[in-house]
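Trainee: model the structure of this input:
(one chain, ligands or ions: 3)
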Amino acid sequence: MPETPSIRRYDEPAGGWGALRAVGTHLIEQDIPIKGTTTLLRMNQPEGFDCPGCAWPDPKHTSSFEFCENGAKAIAWEVTTRRCTPDFFAAHSVTELAGWSDYDLEMAGRLTHPMSYDAASDRYLHVSWEEAFATIARHLTALPNPNMAEFYTSGRTSNEAAFLYQLFVREYGTNNFPDCSNMCHEATSVGLPQSIGVGKGTVLLDDFDKTDCIFIFGQNPGTNSPRMMTSLRNASRRGVPIISFNPFRERALERFQAPQVPVEMLSLTSTPISEALHQVRVGGDIAVLKGLMKVMVEEDERARADGAAAILDWDFIRGHTTGIEALAADLKATTWPDIEARSGLTRTAIEDAAHVYMRAERAIVVYGMGLTQHRHGARNVQQLANLCLLRGNIGKDGAGICPVRGHSNVQGDRTVGITEIPTPEFLARLEARFGFKPPQAHGHNVVTALDAMRRGQSRVFFAMGGNIAAAIPDWQVTHDAFRSLDLTVHVSTKLNRSHLVHGKEALILPCLGRTEIDRQAGGRQSVTVEDSMSMVHASRGMNRPASEHLKSEPAIIAGIARATLGMRSVVDWEGLVADYDQIRDAIEAVFPIFQGYNARIRVPGGFHLTSTARERIWATPSGKANFLPYDGLAEDPDPTDPDVLWLTSVRSHDQYNTTIYSMSDRYRGIFGRRDVLFVNEVEIARLGFAAGDRVDLVAASEDGIERAVRGFELVPYAFPDRSCAAYYPETNPLVPLGAYDPMSFTPSYKGIPIRIRPARPAGEAF
Ligand SMILES: Nc1nc2c(c(=O)[nH]1)N[C@H]1C(S)=C(S)[C@@H](COP(=O)(O)OP(=O)(O)OC[C@H]3O[C@@H](n4cnc5c(=O)[nH]c(N)nc54)[C@H](O)[C@@H]3O)O[C@H]1N2
Ligand SMILES: Nc1nc2c(c(=O)[nH]1)N[C@H]1C(S)=C(S)[C@@H](COP(=O)(O)OP(=O)(O)OC[C@H]3O[C@@H](n4cnc5c(=O)[nH]c(N)nc54)[C@H](O)[C@@H]3O)O[C@H]1N2
Ligand SMILES: [Mo]
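Mentor: Ligands and ions are numbered 1, 2, ... in the order given. Down below sits the predicted model:
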């Protein structure tokens, strides 16, 4: 039931009865009968399926049911009884569907049949799987060069499907693997190895029970990884200080009522989470991090000069690191007025936070998209690693760096070979196991793939899941690039924007979801996934598939591989798909860290992929962990232009990336609408507007292309100066394709310079 649009203060804690109520509403909206709710109880159980909601680990994947509002929504979304059938497509042209909202598109329900675009009727028509595979094969074999095709992955794909996918694409002949992590934690994958030798976190769930202090930068756990609230709540109740840095006062970072704790629920009490929540300016984190480290380095010098105990962990620094001198010199040269101006925080606030960190024997530093999606995303991550290294907070119990991954298997996809920059060792092992020569040249990431498409150099786009057309920046440029292609193919569970921004020929291939039974020639199959803390475990669906015409992702890949490579292929596609144990054996042969794979996933809870940094083995060229100074404080192209605000694009509480579950954002007090711009009262007045005014947002980019989104209401909100926020993906047209981190190519979705203008009627120029 659509909610009447309104904006009202939300004063309750996060979680609590509101979370339970929300789940009930979603089950009803997806027409799920009450008996269907047993599906929820199988989530994250030893014999059940992995929740497709997020990548936060489960406490040993055990039998205690952990309630999670957003996990429940993700499952309700998949087990819906609504169906998007060939009749639906017959009733609506693609041009008509292009005018629907993202919410309405996905509410059409689960896709049931393979569909092919028919230009004459402007409709998707039912085709057989064989016809669909033959169309793909015809296009791929016609390309003069395999590097003219792009193969995207979204992070729900299992290890088995991802491994088969990269195997097919590499046997076909390219490393073009644009991937959702290029828009997500790439700054981690690129930045962190230079610091500590691995591109993943070093923390396990147990470390949250042992830590003395938790710092959270740019991450919204109450919405995007709600099961993390259990760890944060327990830590807070043990008296562990939690310090957050976020432009929003996110409700769950303030107070949480645990839905699984009857006493809290019945007595309506809750647990405070952050001891301090610092409202950093959008893009101001490098300034904060340098401020924190400056306090520590300078107080350490004074303490040692006075003969007092050192503040930095010098045994660790001397034994395990390089580069402390250059870092200290950079910090000393950075002035407090600059730090305060860029961070928007006072020196005292930063000193207070530094003192909390310094007092802790063991600290965990957590971060999310608020740090990675910036022009200096990888630099942000490296400054965070510096902060950890100064006190030896890597490779000891209760301490470490904790990037919180997004999609439930985005980390696993990378581990099993979805990467545009494969190492020579990996390619050599692939060749040794399968006997074909994989392409050596590096391939495209999301940004370079879009650029190649825009310039006509890539002609075919294939997506294993996701909704890339909505997730990417610069729609007016990038959507034209999709429309110019010869073929677009999407393996999907629901109808979305990407199916409507299609090439001259286009296919939609419907696949099984996580919750569904996957039966192949060798019987019922399980898949495996890796969570944010490198735990690998099995996932087994138990629902009847949404339609008898669905195929599993591995079966789809095998079908395409057979059609495209035919006799040329040296891979036994039938054998691999008949029994996924065979795929796991192949993964183990190529990646030795999976030793004993099939046996180890049969143990409830799965197993941990070891991390060298966790053991203080530094897989860097220097053999040490490296302090990496950054000579700068911000990404502002023109910090002096008083008209420019820095926009960050965020998720509401009721969306999963481009999937919009409802139009409300309960914890931020927004109901029944998403067309809002959060900005503080002082800025509204300074720019000559009044609260409630309708405005257009215009990118302050200087390449001559006008980028704008229209008709947003100014909502006065407790937000830092010079900063503002609105929802993703509505604001994606404002991000120029060229606005990305030069190290990791992550688009700067959380640092978009804009101007606001009085709203003009649609169609009128700016
Ligand atoms: N329910 C649900 N769960 C999800 C998702 C979802 O959409 N819905 N998405 C999944 C995916 S793919 C991902 S990557 C994760 C994303 O999870 P998060 O990393 O939490 O992502 P966001 O909500 O985009 O932004 C995180 C926080 O960064 C803050 N922020 C914005 N700009 C800045 C800044 O400049 N500095 C700082 N310090 N903070 C800033 C925002 O206010 C927000 O609280 O969640 C995953 N889980
Ligand atoms: N402005 C802005 N843009 C952003 C971000 C941001 O914070 N701000 N965040 C970025 C981030 S972190 C990410 S990860 C990307 C997300 O980008 P994507 O991963 O490409 O997008 P999703 O919205 O997660 O994809 C949703 C679609 O996935 C399909 N799907 C769901 N489950 C399955 C399945 O099991 N198998 C298959 N084959 N398909 C399935 C459904 O058809 C659904 O419509 O967006 C990025 N874009
Ligand atoms: Mo993500």
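Trainee: show me what counts as buried in the helix or strand residue 292 falls within.
Mentor: Element membership for residue 292, per DSSP states H and E: helix 285-305. By 16 or more other CB atoms under 10 Å, the buried positions in helix 285-305 come out as 285-297, 299-300. C-betas here are computed from N, CA, C, even on glycine.
Trainee: other SSEs contacting it?
Mentor: If contacts are counted by 3 or more CB pairs under 8 Å, 6 or more residues apart in numbering; DSSP states H and E, helix 285-305 sits against helix 324-333, helix 336-343, helix 347-359, helix 377-390.
Trainee: and stretch 500-516, anywhere near ligand 2?
Mentor: Yes - Stretch 500-516 reaches ligand 2 (CB under 6 Å from any ligand atom) through 511, 513-514.
Trainee: quick one: which of these is most hemmed in?
Mentor: residue 514 (26 neighbours; other CB atoms under 10 Å).
Trainee: list the residues that contact that residue.
Mentor: 49-52, 78, 156, 408, 539, 541 (CB atoms under 8 Å, 6 or more residues apart in numbering).
Trainee: which of those sits closest to residue 209?
Mentor: Of all those, residue 209 sits closest to residue 51, with 21.7 Å by CB to CB.
Trainee: tell me how many other residues surround the closest one.
Mentor: 26.
Trainee: repeat that for the one 4 residues further on.
Mentor: By the other CB under 10 Å criterion, the neighbourhood of residue 55 contains 25 residues.
Trainee: use 124 as the first number from now on
Mentor: Fine by me, first position is 124 from now on; the one you just mentioned is residue 178.
Trainee: hmm, the biggest strand by length in the chain touching ligand 2?
Mentor: Longest strand in the chain, counting residues (DSSP state E): strand 831-839. No - Strand 831-839 stays clear of ligand 2 (CB under 6 Å from any ligand atom), getting no nearer than 11.1 Å.
Trainee: by contact count, what packs against that strand?
Mentor: strand 799-802, helix 804-809, strand 817-822.
Trainee: pick out the residue of this structure closest to ligand 2.
Mentor: In the chain, no residue comes nearer to ligand 2 than residue 589, which is 2.5 Å away by CB to the nearest ligand atom.
Trainee: what's the closest non-adjacent residue to that residue?
Mentor: residue 277 (2.7 Å; CB to CB, 6 or more residues apart in numbering).
Trainee: list the contacts of the closest residue to ligand 3 within the stretch 374-523 of the chain.
Mentor: When scored by CB to the ion, the stretch 374-523 of the chain has residue 492 as its residue closest to ligand 3, at 6.9 Å. Residues in contact with residue 492, defined by CB under 8 Å, 6+ apart, are 307, 341-342, 529, 872-873.
Trainee: out of these, which touch ligand 1?
Mentor: 307, 341-342, 529, 873.
Trainee: leaving out sequence neighbours, find the closest residue to residue 321.
Mentor: residue 736 (4.8 Å).
Trainee: actually residue 717, not the one I wrote
Mentor: Residue 717's closest residue in space is residue 711 (CB to CB, 6+ apart), at 4.3 Å.
Trainee: and that neighbour, how far is that from residue 869?
Mentor: Taking CB to CB, to the nearest Å as the measure, residue 711 and residue 869 are separated by 31 Å.
Trainee: repeat that for residue 223.
Mentor: Distance from residue 223 to residue 869, by CB to CB: 30 Å.
Trainee: what do you get for residue 632?
Mentor: Distance from residue 632 to residue 869, by CB to CB: 28 Å.
Trainee: so between these two, which is more surrounded?
Mentor: Taking other CB under 10 Å, residue 632 and residue 869 do not tie; residue 869 has more neighbours (32 against 27).
Trainee: show the contacting residues for the more buried one.
Mentor: 305-307, 309-310, 495-497, 500-501, 863.
Trainee: of these, buried ones?
Mentor: Applying 16+ other CB under 10 Å to those flags 305-307, 309-310, 495-497, 500-501, 863 as buried.
Trainee: from those residues, which land in helices?
Mentor: 309-310, 495, 500-501 (DSSP state H).
Trainee: now tabulate the residues you listed in TSV and tack on distance to residue 849.
Mentor: Output for those, formatted as TSV (distance: CB to CB, whole Å):
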residue	distance to residue 849
309	23
310	22
495	19
500	20
501	25
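Trainee: of all the residues you listed, which comes closest to residue 582?
Mentor: Closest to residue 582, out of all of these and judged by CB to CB, is residue 309, at 25.2 Å.
Trainee: ok so, going back, comparing the helices and strands packed on helix 408-428, which comes out most buried?
Mentor: helix 500-513 (a mean of 27; mean count of other CB atoms under 10 Å).
Trainee: what angle separates that helix from helix 408-428?
Mentor: Put simply, helix 500-513 runs at 20 degrees to helix 408-428, going by axes from the mean of the first three to the mean of the last three CA atoms, to 10 degrees.
Trainee: what is the subsequent helix or strand relative to helix 500-513?
Mentor: Next element after helix 500-513 (DSSP H and E): strand 523-526.
Trainee: which outside residues touch that following strand?
Mentor: 308, 311, 315, 319, 323-326, 330, 487-491, 495, 504, 507-508, 511, 516-517, 655-656, 737.
Trainee: tell me the strands beside that strand, with direction?
Mentor: Here strand 523-526 is paired, per DSSP bridges, with strand 486-490 (parallel).
Trainee: the partner strand near ligand 2 anywhere?
Mentor: No - under the criterion of CB under 6 Å from any ligand atom, ligand 2 is not reached by strand 486-490; the shortest gap measures 12.9 Å.
Trainee: that strand close to ligand 3?
Mentor: No - Strand 486-490 stays clear of ligand 3 (CB under 5 Å from the ion), getting no nearer than 12.9 Å.
Trainee: look up phi and psi at residue 679.
Mentor: Per-residue torsions, residue 679: phi -70, psi -40 (degrees, to the nearest 10).
Trainee: ok, it touching residue 632?
Mentor: Yes - applying CB atoms under 8 Å, one finds residue 679 in contact with residue 632, separated by 5.8 Å.
Trainee: joint contacts of the two?
Mentor: Joint contacts of residue 679 and residue 632 (CB under 8 Å, 6+ apart) are residue 614.
Trainee: ok, residue 470 to residue 458 distance?
Mentor: Distance from residue 470 to residue 458, by CB to CB: 10 Å.
Trainee: typo on my end, it should be residue 200
Mentor: Counting by CB to CB - residue 200 and residue 458 are separated by 50 Å.
Trainee: what does residue 325 give?
Mentor: For residue 325 relative to residue 458 (CB to CB), the value is 32 Å.
Trainee: around ligand 1, which positions in the protein sit nearby?
Mentor: So the chain meets ligand 1 at 176-177, 193, 307, 340-343, 346-348, 368-371, 373, 403, 405-406, 408, 491-493, 529-530, 771, 773-774, 778-780, 873 (CB under 6 Å from any ligand atom).
Trainee: out of those, which are inside helices?
Mentor: 193, 346-347, 408, 492-493.
Trainee: okay, those residues in CSV with pLDDT next?
Mentor: What follows is these, written out as CSV (pLDDT from 0 to 100):
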residue, pLDDT
193, 84
346, 93
347, 93
408, 97
492, 98
493, 98
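Trainee: any low-confidence regions in the protein?
Mentor: 124-125, 156-170, 183-190, 758-762, 885-889 (pLDDT under 70).
Trainee: hmm, back to that, would you confirm that the residue of the chain closest to ligand 2 contacts residue 274?
Mentor: No - here residue 589 does not reach residue 274: they are 11.8 Å apart, not a contact under CB under 8 Å.
Trainee: neighbour count for the two, which is higher?
Mentor: Between residue 589 and residue 274, counted using other CB under 10 Å, the more crowded position is residue 274 (28 against 25).
Trainee: distance of the most centrally placed residue in the chain from ligand 3?
Mentor: By CA atoms, centre = their mean, the mean C-alpha position of the chain lies nearest to residue 529, the distance being 3.3 Å. Residue 529 sits 3 Å away from ligand 3 when distances are taken as CB to the ion, to the nearest Å.
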